[in-house]
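Student: Sequence isn't available, so here's the structure alone:
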Ligand code: FES
């Protein structure tokens, strides 16, 4: 079961583990500030925006075109941007820290 950390805008770290599901779902369970998941993971709200450390992108995969279309006009959008609802938690992501993009 992977352990994932979320770094909020003020630097607070929240950590948790999950057996499957998305990073957004884990963030909601942990009460991570800045992750709202308003659309439930259907790529239509952008309230689950995170930044992936560059050396982890080969494991999370890059943002899909649908994610880019959703995020490209959001504050903080960049090459490390992902929708956390589209990051499936697998054991390969154990130890990942995601930076929450929304303050
Ligand atoms: S929860 Fe809406 S886009 Fe991720």
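Tutor: Received it, and whenever you're ready, just let me know what you need. Computed from a prediction, not measured in an experiment: that's the story for all the values here.

Student: only C-alpha atoms for contact and neighbour calcs from this point on.
Tutor: Noted.

Student: Return the set of buried residues in stretch 30-48.
Tutor: Neighbour counts using 16 or more other C-alpha atoms under 10 Å place 32, 33, 34, 35, 36, 37, 41, 43, 45, 46, 47, 48 of stretch 30-48 among the buried residues.

Student: Please tabulate the residues you listed in a markdown table and include pLDDT, distance to residue 95 and secondary structure as additional columns.
Tutor: Shown next, in a markdown table, are the buried residues of stretch 30-48 (pLDDT from 0 to 100; distance: C-alpha to C-alpha, whole Å; DSSP: H, G, I helix; E, B strand; the rest coil):
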| residue | pLDDT | distance to residue 95 | secondary structure |
| --- | --- | --- | --- |
| 32 | 98 | 17 | coil |
| 33 | 98 | 20 | coil |
| 34 | 97 | 20 | coil |
| 35 | 98 | 19 | coil |
| 36 | 97 | 22 | coil |
| 37 | 97 | 22 | coil |
| 41 | 97 | 23 | coil |
| 43 | 97 | 25 | coil |
| 45 | 95 | 27 | coil |
| 46 | 95 | 24 | coil |
| 47 | 96 | 23 | coil |
| 48 | 97 | 19 | coil |
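
Student: Tabulate the residues you listed (CSV), appending distance to the ligand.
Tutor: Below are the buried residues of stretch 30-48 laid out as CSV (distance: C-alpha to the nearest ligand atom, whole Å):
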residue, distance to the ligand
32, 13
33, 14
34, 12
35, 8
36, 7
37, 3
41, 4
43, 4
45, 4
46, 4
47, 6
48, 5
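
Student: So which of those residues is the closest to residue 90?
Tutor: Ranked by distance to residue 90 (C-alpha to C-alpha), the buried residues of stretch 30-48 are led by residue 41 at 17.2 Å.
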